[in-house]
Structures are given as C-alpha cells and as structure tokens.
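Undergrad: Mind looking at a prediction? Sequence and model below.
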There are 2 protein chains.
Amino acid sequence: MAAGERSRATLNAVARQANVSRQTVSNVINFPERVSEETRLRVLAAIEDLGYRPHRAARQLRTSRSQVIGLRVWPPGDGLSGVVLDHFLHSLTASAEQHDHHVMLFTAADDEAEMAAYADLTATVGVDAFVLTHTHHDDQRIRWLAEHRLPFATFGRPWGSQVSYPWVDVDGAAGTRLATEHLLRRGHQVIGFVGWPPGSGVGEDRRAGWLSTLDSAGIGHRPEAAVFDGAEGGRVAAARLLDGDHPPTAFVCASDSLAVGVVTELRERGRHPGADASVIGFDDTPAAGVLGLSSIAQPIAEVAAECVRHLRAVLDGETPTPLSSLLPPRLVLRQT
Amino acid sequence: MAAGERSRATLNAVARQANVSRQTVSNVINFPERVSEETRLRVLAAIEDLGYRPHRAARQLRTSRSQVIGLRVWPPGDGLSGVVLDHFLHSLTASAEQHDHHVMLFTAADDEAEMAAYADLTATVGVDAFVLTHTHHDDQRIRWLAEHRLPFATFGRPWGSQVSYPWVDVDGAAGTRLATEHLLRRGHQVIGFVGWPPGSGVGEDRRAGWLSTLDSAGIGHRPEAAVFDGAEGGRVAAARLLDGDHPPTAFVCASDSLAVGVVTELRERGRHPGADASVIGFDDTPAAGVLGLSSIAQPIAEVAAECVRHLRAVLDGETPTPLSSLLPPRLVLRQT
DNA sequence: GGGTGTAATTTGAACGATCAAAGTGACATC
DNA sequence: GATGTCACTTTGATCGTTCAAATTACACCC
C-alpha cells in the first residue's frame, strides 16, 4: 500500500502497473473467474501496491447501482421508544457494511413527504433500496414503493394489508407470553395488563400474548387498563387496576414508559416493586436498565440483519425466502 | 412534470426539449447569470416538464463533490446519553438537507477503525466531510483529518488540543450555572453536586458552573461526590452526601442518569423530590420527561445547524467565522 | 494445413454531468 | 469596411468505471 498518495489510484493506473488492460483489472474485481490465476495475482499485487479503491460514483454511473440504502429518521419525542430505533440504526448500518452497502438518512414531515423523498433520492442520489419503520394500517408508502418497483423491506409487519412484500418484525405476543408465563411461575394469581388505547396493531399484538397465556392457564381474572400513552398513562392505569375488584399483584406492560408509571404508582402506595409486586415493561430501553425494570428486549440486531438479507435478495432479482421474518424477543429480568 | 416516465430525464433530453445545448441547461442550474432571461425560462419549463433531476453520481464524477457528510454511529449502551446523539442525528440530517447535502452513516469499533473508515469512505464513496462526536483528550482522529486535509467539524470542543479547527459545543458550565442559580433563588442553602469521576472534560466543565456560581454567591458549603457513572452511582453519591456534615437540600447532577439515582435515594429515605429536596439532571433525556425530572437541555438542533454551517464554509474554501460555537443550554423545570 | 472452439484479454463506446475553449451575432469603434 | 468587444451559446474532452464486441493465442481435429 501507499504509493499513489496525492491523487487516488484509478483502474488505469493499476492496469499499467500490472501490465494488463483496465478491463482485466475490472474483471479481477468483479468476475475473478474470467481471469487466469497468474494475472489475477499480479493484478491483486498492483491493487495492493497502489492502494487502489474503486470509485463508487463512476461505477454507479455505469451500473446504476449505488449500494446505498435509504432510511428515514424520525424526530425524537416518541417517549422512550426512540431508543429502539437508535439501536436499529446502528445495527442496520453495521449489517449493511458487511455487504458493502451504506445507510443514508433523510427526514420527512409525514408519509406524503416520505414518498416525495423516495422519488427525489432515487432520481438524484440513486438510492438502491429503502428500509421502512413505523409501518401502520393502510400504509401508502408501501403501495407507492411497490408501484414504482423500488426495492424495500420494512421493520414492522403489514398491519391489515394484503400486498405481499418482504418484512421483518418482532413477535410482540411471544414477548408478553414470556413475561406472563414467568409471572405465573413466580406464583402470581392476578396478572394485569397495562396497554395503549385500542387501534394500534403493535398494541393489540402485545396484549394478545398476555391474554392467550392467561387463557390457556385457565386464569379467569384478566384485569387490564389502557388510558393513554406515557408514564402518566401508566400511573393512571395502574391506579385503576389496583382500585378494581381484582387488584393485580403483577403487571405486564406494553412499553417501558407505561411500566415506569406503574412502578411509580406502586411506590406511591408503599408497595415495593420486585418484593410485593412485579412489573415487566417492553423494549428494554436504557431507562429500564437504569431503574432496574424487568423488560422484554427486541432482537434488534437480528431484525437489521434480516432487513439487509431481504434487500440483498430483492436487489439480486430474487425473492427472499422466507419473504418475512417474525423474530422472538427475550425476557430481561431485573429487580421488578 | 411527468413525461419521461420509465427512464430518468437527462440533461440532453432537457436540452433537446428546450432547443438549446446541454451546457446551457447545466448553466441554468449552476450559473443562471450566464444565461439570458428568455432561454432561462424556456429551460426551466423544460426541466419542469420532463421532471428532470440532476444525477449526483455523474456530477460527482466530474466535480469530485458528493454532497455527502459522513457520521459515525455508536453502539447503544451509553446509558441515557445515546438519546442526545439520536436527536443530533435527526437535526444534522435536517440541516444537511436544507443545503442539498445528505448524511451517510458508518460504524467503527474504535478511533483507529474510524480513521480507516475515513480513508475508505473518501476513496470509494467520495464523502465530502465528516462530523465527529465524542471528542476526547488527545483525539487522534482530529489530527488524522487535519493531516489529510479533509473537511470536518466536531460536536464537542477540543479538550486540551492546540490545533485550531471548526467545532461546536454546548456550554456545560453555563448549564449548571443556570441550575444552581435557580436553586439559590428557590432558597436552597446547601446545594450538592453529583458528577463523574475526574478526568472527563465534559464532567469538569459541568462541575465548574456549579462551583463558580456558589463561589460568587459566597456560599461556603460545596458538598460534592463522584463515585461512578449510572443511576447506581448517583444513588451511592447521594447517600454519601446526605450522610455527610452538610447534607444538601438540592442536587445538581452531571447527567440524568445520575439524577435518577439521586431521586431514588431520596425516595428511599422518605424525602419527596420537588417538595423537600430538589434535583436537576443534565441532557433532558426522555427519561427525565417520563419521571418528571428537571433537567438541562442542550440546544441540539442549533448544534447541528452550526456544524453544517461550518462544513459548508470549509467546503467553499473559506474559514468559518467564528471558527467555533459554544452554545448555551437551557433549564427545563419539572416536578423535581 | 486449415478450420473450429475455447479461454484470456483488449478495444471502443457509453453512463450523465461539468470544464475549458471556441464559436456566433450584435453592436460599437476607428 | 475591417476590427474589437461583449453577451450568450455551443462543441469537444473528460471524470472512472463497466458493457458489448472484437481480438489474440493456442489446442484440437479431420
């Protein structure tokens, strides 16, 4: 390495050095099997010698492949859930790098703006594919991308859509099932659920795991409350359940944020979470770690890796198999 | 818009449509003053008509400017502080977009790997500039970038470095000064500081504001403790102060994480934060909002905007004026 | 000896933009 | 009427790579 210092080495420079044509050098890089072993080694030596690195823009101009994956970043303020995306961002970048791709960010005020950004980024930057988060019911973005034949994968399953496309998601029901089963084993008889107001697919999913577990355990009391999002919502919901006919001794929550509220309410009433009551949150945010809150952790790194796997398949003109992945979360036990 | 559908419109297509040469179209976009008003309008109409968008890769190949800003993403697990970066990421992307730039992410295991990534990204992708976070004492990355003449700006001041380069930072001392002054106004006589173990520039900075404020207020008792990072560290530190000779009635903390620990310890002792004791954290993380913790908020959006302003100046061959920006944080008051 | 096939390599053109230099008129100047 | 100047516009070359087609070398066969 280290010879052509000031200006980058080009394919031609390597070719001269190795006494072959540019195309042969190109072949060594892209189709090694087309080149004889002897010249291959000679060219590789020259590449090493000059510190040659292919120029992506030039390659893109010819192949119309940028090796860039677009990802929308969201404004902070989703309560604690932003941390999950933060983690996802890092994992996605790492996974992409393993396959010589890069993640490029963009912002958008709403779905409409996001679709405009798709058009813009594919036209100007030549972004190869997109990863979508925050999928929701009747998501126009998916329709748009499908219509425009743009490769994409989503972190979030198709809530109520019939279109078939590559997606990756975490099995929320399996998560709350894990939590509920754990609480049952610990001897709890009345296990409450604190969730979000109905309407969100994610919320229904997480509730379902708790419900079905109690169901198959033959537990009749299934107190639940869903007031509004956030810690204050969790507090109010917990208060309602504790004042109800069958006050729970354990709580499964749809988010860490809600769980923090439940813990606060318990403390307020002189109960010690972990000792005389149990609380389990969802998402395993740093706040959970800081407060000693047990929580359900999503396998974010795996989600990111799956997204990249799906995209690579689509970009290679194949259909990813399986087309979708529903990954199991795991339970992280702490004091509560 | 909407005419050349399948394949993107090129400069040549627009030229044909407007009955001019490619170069004239290029001039309309890049140097409008070189073109007569009449043809300018005609060309703009053609651009609109064909929905033309310039192809960045082609432009980059000729100008060696990619309009891409590189940013290293860090693995989560910095406690709560990751959220600040999350916010920064979003703001930086938004600021970059306003000037037709894009943010590209990369990962690195350590500073060494980060420098290798600089080399790689500039050679292959042609990244124009980098934004650095987590600057620290004797930061090799800065030396590397300066030596290689690569444009960059840092979020974080040059701790102990004598090299002069564009940086943006938040005035931590001003933050703790705000907090301490507020607590003095509320009538507190003994205000403690809970910080990190010595050695971190950020930590010293935040401590300095608290100390100097008490100093100029003529307050003699200045109890402080710094055990280790995280909520547990905050608890232990608070316990030590409360058991000391001059137990504080108010606490200024170097992070929200530490503040959470202080609040926990106070509750443990039957004290109600907000009523008989005050606690102020730092960074205004979502956890602070959720727990009702007062905190010092960094003006992240402004930091990002300044970084972009600096980079643009450097990329235009100018020296940013001022070369560095030290922005004031603000105090967010909640229950505690 | 000449045709045929195959593997390895080279050559010319192209991707879509910008740079540098040259070309075109209109009008003023001597 | 030749020359110069100015504002505007066009032409040719180029950035670094890959595609498609052409070329070379050599072994094989009748």
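TA: Ah, there it is.

Undergrad: Once you drop chain neighbours, what's closest to residue A:100?
TA: Closest residue to residue A:100 apart from its sequence neighbours, by CB to CB, 6 or more residues apart in numbering or on different chains: residue A:67 at 6.0 Å. In short, each C-beta sits where N, CA and C put it, glycine included.

Undergrad: measure that neighbour to residue A:127 for me?
TA: Distance check for residue A:67 against residue A:127: by CB to CB, to the nearest Å, it reads 10 Å.

Undergrad: out of the two, which sits in the busier spot?
TA: residue A:127 (23 against 20; other CB atoms under 10 Å in any protein chain shown).

Undergrad: The more buried one: which element?
TA: Secondary structure assigned from DSSP states H and E places residue A:127 in neither a helix nor a strand.

Undergrad: Quick check: it touching residue A:121?
TA: Yes. Contact criterion CB atoms under 8 Å: residue A:127 and residue A:121 qualify, at 4.3 Å.

Undergrad: Give me the common contacts of those two.
TA: A:70, A:104 (CB atoms under 8 Å, 6 or more residues apart in numbering or on different chains).

Undergrad: can you give me the strands in chain A?
TA: Applying DSSP state E to chain A gives strands spanning A:68-72, A:102-106, A:129-132, A:152-155, A:167-170, A:191-194, A:224-225, A:250-253, A:278-282, A:294-297, A:324-327, A:330-332.

Undergrad: Quickly compare these and say which is most buried.
TA: Highest mean neighbour count of the strands of chain A: strand A:250-253, a mean of 31 (counted as mean count of other CB atoms under 10 Å in any protein chain shown).

Undergrad: hmm, that strand touching chain B?
TA: No. Shown here: strand A:250-253 not in contact with chain B (CB under 8 Å from any CB of the partner chain), separated by at least 12.8 Å.

Undergrad: Give me the sheet partners of that strand and which way each runs.
TA: Strand pairing for strand A:250-253, determined by DSSP bridges: strand A:191-194 (parallel), strand A:278-282 (parallel).

Undergrad: Report the residue ranges of every domain in chain A.
TA: As given by automatic domain parsing, the domain ranges for chain A are A:11-54, A:68-169+A:300-327, A:172-297.

Undergrad: Can you say which of these is nearest to DNA strand D?
TA: Taking CB to the nearest atom of the strand, domain A:11-54 is the member of those nearest to DNA strand D, at 3.2 Å.

Undergrad: okay, how far is it across that closest one, tip to tip?
TA: In domain A:11-54, first residue to last residue: 7 Å (CA to CA, to the nearest Å).

Undergrad: cool, stretch A:317-332 as well?
TA: End-to-end distance of stretch A:317-332 (CA to CA): 39 Å.

Undergrad: right, is that stretch up against DNA strand D?
TA: No. On the criterion CB under 7 Å from any atom of the strand, stretch A:317-332 is out of touch with DNA strand D, staying 13.2 Å away.

Undergrad: Quick one: mean pLDDT over that stretch.
TA: Per-region confidence: stretch A:317-332 scores 92 on mean pLDDT.

Undergrad: For it, what is the distance to the chain centroid?
TA: Its chain's average C-alpha position is 11 Å from that of stretch A:317-332, according to CA atoms, centre = their mean, to the nearest Å.

Undergrad: residues making contact with it?
TA: Applying CB under 8 Å, 6+ apart, the set of residues contacting stretch A:317-332 is A:157, A:164-172, A:174-175, A:178-179, A:182, A:280, A:284, A:288, A:294-299, A:302-303, A:306, A:309-310, A:313-314.

Undergrad: count of neighbours near residue A:140?
TA: Neighbours of residue A:140 (other CB under 10 Å): 12.

Undergrad: what does the one 3 residues further on give?
TA: Neighbour count for residue A:143, taken as other CB under 10 Å: 13.

Undergrad: Residue A:120 now?
TA: Residues near residue A:120, counting by other CB under 10 Å: 14.

Undergrad: Quick check, it in contact with residue B:53.
TA: Yes. If you go by CB under 8 Å, residue A:120 and residue B:53 touch, sitting 6.9 Å apart.

Undergrad: show me the contacts for residue A:10.
TA: Residues in contact with residue A:10 (CB under 8 Å, 6+ apart) are A:52, A:55.

Undergrad: Can you list phi and psi of it for me?
TA: phi -110, psi 170 (degrees, to the nearest 10).

Undergrad: distance of it from residue A:17?
TA: Residue A:10 sits 11 Å away from residue A:17, taking CB to CB as the criterion.

Undergrad: can you check residue A:171 too?
TA: Distance of residue A:171 to residue A:17, given as CB to CB: 54 Å.

Undergrad: same check, this time on residue A:298
TA: Residue A:298 sits at a distance of 50 Å from residue A:17 (criterion: CB to CB).

Undergrad: quick one, which of those two is more surrounded?
TA: Higher neighbour count among residue A:298 and residue A:17: residue A:298, with 24 against 20, using other CB under 10 Å.

Undergrad: Spell out which residues of the stretch 201-336 of chain A are next to chain B.
TA: Neighbours of chain B within the stretch 201-336 of chain A, by CB under 8 Å from any CB: A:230, A:231, A:257, A:260, A:261, A:264, A:267, A:286, A:287, A:289, A:290, A:291.

Undergrad: tally of neighbours for the last one?
TA: By other CB under 10 Å, the residues close to residue A:291 number 27.

Undergrad: and if you look at the second one?
TA: Summarising burial for residue A:231: neighbours were counted as other CB under 10 Å, giving 27.

Undergrad: Would you confirm that it contacts residue A:256?
TA: No. Look at residue A:231 against residue A:256 with CB under 8 Å: they stay out of range, at 9.1 Å.

Undergrad: which one is the one residue in the stretch 201-336 of chain A that gets nearest to DNA strand C nearest to, not counting chain neighbours?
TA: The nearest approach of the stretch 201-336 of chain A to DNA strand C comes at residue A:315, 18.8 Å away (CB to the nearest atom of the strand). Counting by CB to CB, 6+ apart, residue A:315 lies nearest to residue A:151, which is 5.5 Å off, once chain neighbours are set aside.

Undergrad: isn't that neighbour right next to residue A:313, touching?
TA: No. Residue A:151 lies out of contact with residue A:313 (CB under 8 Å); the separation is 9.2 Å.

Undergrad: So for the two, which sits in the more crowded spot?
TA: More crowded of residue A:151 and residue A:313, by other CB under 10 Å: residue A:151, with 20 against 17.
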